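# Here is a sequence with its predicted model. Questions after.
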Amino acid sequence: MKDFRLIVSTPNGNALDRQVQMISVRGVDGELAVMAGHVPFCTAVKPCRCKIWTDDEDINAVIDAGMLVVGQEKVILLVGNMTIDRE
């Protein structure tokens, strides 16, 4: 599976900036997932549990409401806060 750059940015700085394979969040119209090569778009996201898949680990996190911007080169998730579940 191809990777893409994901940046999760909060008012306190970047909570995450790394190569990932997929991200799953809750948009205003329901659950959505983004993989490399996705068509560019922008949508609001609701507070939710999100999941991020990487080559070496799966990251589970809780995010506040925000915006998801999917571009050709990278994906940016702008949220009020992100808490990564450490299990």
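That came through fine.

# helices or strands up against whichever strand or helix holds residue 76?
Of the helices and strands defined by DSSP states H and E, residue 76 is found in strand 74-79. Contacting strand 74-79 under the criterion 3 or more C-beta pairs under 8 Å, 6 or more residues apart in numbering; DSSP states H and E are the following elements: strand 4-10, strand 22-27, strand 66-70. No exception for glycine: its C-beta is placed from N, CA and C like everyone else's.

# What's the first helix or strand after that strand?
strand 82-84.

# now that following strand: how far from the chain's centre is it?
Going by C-alpha atoms, centre = their mean, to the nearest Å, the spacing between the C-alpha centre of strand 82-84 and its chain's C-alpha centre is 11 Å.

# and residue 83, which of the helices and strands packed on strand 74-79 is closest to it?
In this view, these are compared for proximity to residue 83 by C-beta to C-beta, and strand 4-10 is the closest at 10.2 Å.

# one step back: so can I have a markdown table of the helices and strands packed on strand 74-79 showing mean neighbour count and distance to residue 56?
Compiled in a markdown table, the helices and strands packed on strand 74-79 are given as follows (neighbours: other C-beta atoms under 10 Å; distance: least, C-beta to C-beta, whole Å):
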| stretch | mean neighbour count | distance to residue 56 |
| --- | --- | --- |
| strand 4-10 | 18 | 14 |
| strand 22-27 | 18 | 14 |
| strand 66-70 | 18 | 23 |
